[in-house]
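Novice: I'd like to go over a predicted model; first the sequence, then the structure.
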Amino acid sequence: MYLTSEKKAEIFAKHGGKAENTGSAEGQIALFTFRINHLTSHLKANHKDYNTERSLVRLVGKRKSLLDYLKKKDIARYRAIIAELGLRK
């Protein structure tokens, strides 16, 4: 399995402040980014997996919604997470 509970705790500890802070926008965005990267690599090898493609599109939409929320609430936190994850090119 690619996403263990230890990996989730590590992601939330790094981006959400602490491992128990699973509700923070930054932690959720980081987790979605990790899952999006995994699904993207899966789809490169399995280009006809349409269910995974649909899941990927839904995850990207959720991440975009959270990023829009964070941008509206606190632009400094938004810019920090964008720079940290390298989302905008």
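Specialist: Alright, I've got the coordinates. Bear in mind that the values here come from a model prediction, so they are computed numbers and not experimental data.
Novice: need the contact list for the spatially most central residue of the chain.
Specialist: Central residue of the chain (Cα atoms, centre = their mean): residue 32, 2.2 Å from the mean position. Contact analysis of residue 32 by Cβ atoms under 8 Å, 6 or more residues apart in numbering lists 59, 62, 63, 66. No exception for glycine: its C-beta is placed from N, CA and C like everyone else's.
Novice: Residue 29: how many residues sit nearby?
Specialist: Neighbours of residue 29 under the rule other Cβ atoms under 10 Å: 25.
Novice: for residue 58, same thing?
Specialist: 10.
Novice: residues of the helix or strand where it lies that come out buried?
Specialist: Element membership of residue 58 [criterion: DSSP states H and E] is helix 50-73. Within helix 50-73, the residues scored as buried using 16 or more other Cβ atoms under 10 Å are 55, 56, 59, 63, 66, 67, 70.
Novice: now stretch 11-21
Specialist: Across stretch 11-21, burial judged by 16+ other Cβ under 10 Å covers 11, 12, 15, 16, 19.
Novice: Mind putting those residues into CSV with distance to residue 86 and pLDDT?
Specialist: As requested, the buried residues of stretch 11-21 are arranged in CSV below (distance: Cβ to Cβ, whole Å; pLDDT from 0 to 100):
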residue, distance to residue 86, pLDDT
11, 15, 94
12, 19, 93
15, 13, 92
16, 18, 85
19, 23, 87
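Novice: tell me the two of those that are most distant?
Specialist: Based on Cβ to Cβ, the longest span within those runs between 15 and 19 and measures 10.7 Å.
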